[in-house]
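**Student:** Task: produce atomic coordinates for the following.
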Amino acid sequence: MNCPHCGAALSERGSFCKVCAGQARCMSCREVLEPGAAACVECGTKVGVRPDNGGITSIPAAAPAIASNRNTLTYHEDKNSRSFEASLTDPAMQGLGDVLGDFFIQRGAVRGAQQQGRFNKVEVFAPAALTNGVDIPPVPPADATDIIPPTSPVAIIGDEQAAEKARLLKIFAVKGNTFELIDNRVKATNLSDYVRRLTYLFLYANESHGRSSMKEEDVVNLLKASKAWDKSGNSRRWLTRRVLIKDEGDDAIKLTGPGREEAIKILNQALDPAVEDKWNPDFNKPKPRGVRKKKKA
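**Tutor:** Sure thing, here's the model as predicted:
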């Protein structure tokens, strides 16, 4: 049996709801009252009245008058629309508080990030019972261009990504769907180290700009343009070994997790003026492969 006022499950004993404190059963015949009833439909005993040794005793009028409040929840989202409307009691709202609270916070923040820092058109009315004390971000007018609050986790992540892109653009410049090298001081110690560092940085720069994998040919072209592709074939052999790199199919390659960590380490070193740039193609040239001497018969 459920309470006629709030819908909560009723105890088998007692005449009142433990959730909303409203009278739920007739105190004469124990029949469950109908919603909004002024008297029991079975025996006619008025709500708020109970038999007392042959007499009638009225209980305080406030008890049956206590009913659960109704809360209205309205949600609307634009871009080919989506809407939600509900009228729920306080207990129902409290039961859904955590779920709906997280939902509306995500809709307000994550969608904002996808719209380049702008809030979407969202209209939310929710009482305190809905969010269990969690504040829903205020919704601006439809034409607002407010930036996501800097305390938002999404905003923090976005700031970190933007900062990393800015660091990478000190070494590369965007050129169509790829990058070109503008600062070859990657703090290498020799040619093979230069090839390794430049490959990791190139793949990391593309990944940071939304391209998770690149054609191997693009990597080769970058190494050739940066004067690091030696004719002896050492660069080709190293790239074929896939050190901290993995194949993505269709001649595409990407960084592994450790490869990404190595790329970040290399980027930190490349931008650190205290780290010496020991090998650079501007003042070092790959040594030509020596002519093999024929063995004497």
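
**Student:** separation between the residue lying closest to C26 once chain neighbours are set aside and V19?
**Tutor:** Nearest-residue entry for C26: C40, 3.6 Å, with adjacent residues in sequence omitted and distances by CB to CB, 6 or more residues apart in numbering. Glycine gets a C-beta too; all of them are placed from N, C-alpha and C. According to CB to CB, to the nearest Å, C40 and V19 sit 21 Å apart.

**Student:** same thing with N177?
**Tutor:** With distances taken as CB to CB, N177 is found 61 Å from V19.

**Student:** For those two, indicate the residue with more neighbours.
**Tutor:** A count of neighbours by other CB atoms under 10 Å puts V19 above the other of N177 and V19, at 19 against 10.

**Student:** so what pLDDT did that one get?
**Tutor:** What the model reports for V19 is a pLDDT of 81.

**Student:** Let me see the backbone angles for it.
**Tutor:** When read as degrees, to the nearest 10, the backbone of V19 gives phi -90, psi -50.

**Student:** okay, now the residue nearest to it when sequence neighbours are not counted: neighbour count?
**Tutor:** Nearest residue to V19, sequence neighbours excluded (CB to CB, 6+ apart): A8, at 4.0 Å. By the criterion of other CB under 10 Å, A8 has 18 neighbours.

**Student:** Tell me who's in contact with A8.
**Tutor:** 2, 17-20, 91 (CB atoms under 8 Å, 6 or more residues apart in numbering).

**Student:** Next one, pLDDT for it please.
**Tutor:** The model reports A8 with a pLDDT of 81.

**Student:** hey, where'd the strands end up in the stretch 101-250 of the chain?
**Tutor:** Ranges of strands in the stretch 101-250 of the chain, per DSSP state E, counting those that start in this stretch, are 122-125, 172-175, 178-181, 214-215, 245-249.

**Student:** any chance of those strands in JSON lines, with mean neighbour count and mean pLDDT too?
**Tutor:** As requested, these are exported to JSON lines (neighbours: other CB atoms under 10 Å; pLDDT from 0 to 100):
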{"stretch": "strand 122-125", "mean neighbour count": "16", "mean pLDDT": "40"}
{"stretch": "strand 172-175", "mean neighbour count": "14", "mean pLDDT": "91"}
{"stretch": "strand 178-181", "mean neighbour count": "18", "mean pLDDT": "91"}
{"stretch": "strand 214-215", "mean neighbour count": "19", "mean pLDDT": "92"}
{"stretch": "strand 245-249", "mean neighbour count": "13", "mean pLDDT": "93"}
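
**Student:** mind putting these in JSON lines, distance to F283 included?
**Tutor:** Shown next, in JSON lines, are these (distance: least, CB to CB, whole Å):
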{"stretch": "strand 122-125", "distance to F283": "58"}
{"stretch": "strand 172-175", "distance to F283": "21"}
{"stretch": "strand 178-181", "distance to F283": "16"}
{"stretch": "strand 214-215", "distance to F283": "28"}
{"stretch": "strand 245-249", "distance to F283": "28"}
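
**Student:** These: which one's closest to N280?
**Tutor:** Smallest distance to N280 across these (CB to CB): 11.6 Å, for strand 178-181.

**Student:** Relative to the closest one, what are the paired strands and their orientations?
**Tutor:** Here strand 178-181 is paired, per DSSP bridges, with strand 172-175 (antiparallel).

**Student:** CA atoms only: put the strand it pairs with into CSV for me.
**Tutor:** Extracted C-alpha coordinates of strand 172-175, given in CSV (Å, rounded to 0.1, in the frame of the first residue of the first chain):
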residue,chain,number,x,y,z
PHE,A,172,55.6,23.9,-35.4
ALA,A,173,53.4,26.1,-37.5
VAL,A,174,50.0,24.9,-38.8
LYS,A,175,50.2,24.2,-42.6
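
**Student:** what does it rub up against?
**Tutor:** Contacts of strand 172-175 (CB under 8 Å, 6+ apart): 179-182, 201-202, 205, 209.

**Student:** rewinding a little: I'd like to know which of the strands of the stretch 101-250 of the chain is closest to P35.
**Tutor:** Of all the strands of the stretch 101-250 of the chain, strand 122-125 comes closest under CB to CB, at 25.1 Å.

**Student:** sorry, back to before: which one among the contacts of strand 172-175 gets closest to I264?
**Tutor:** Minimum distance to I264 across these is 9.6 Å, recorded for L201 (CB to CB).
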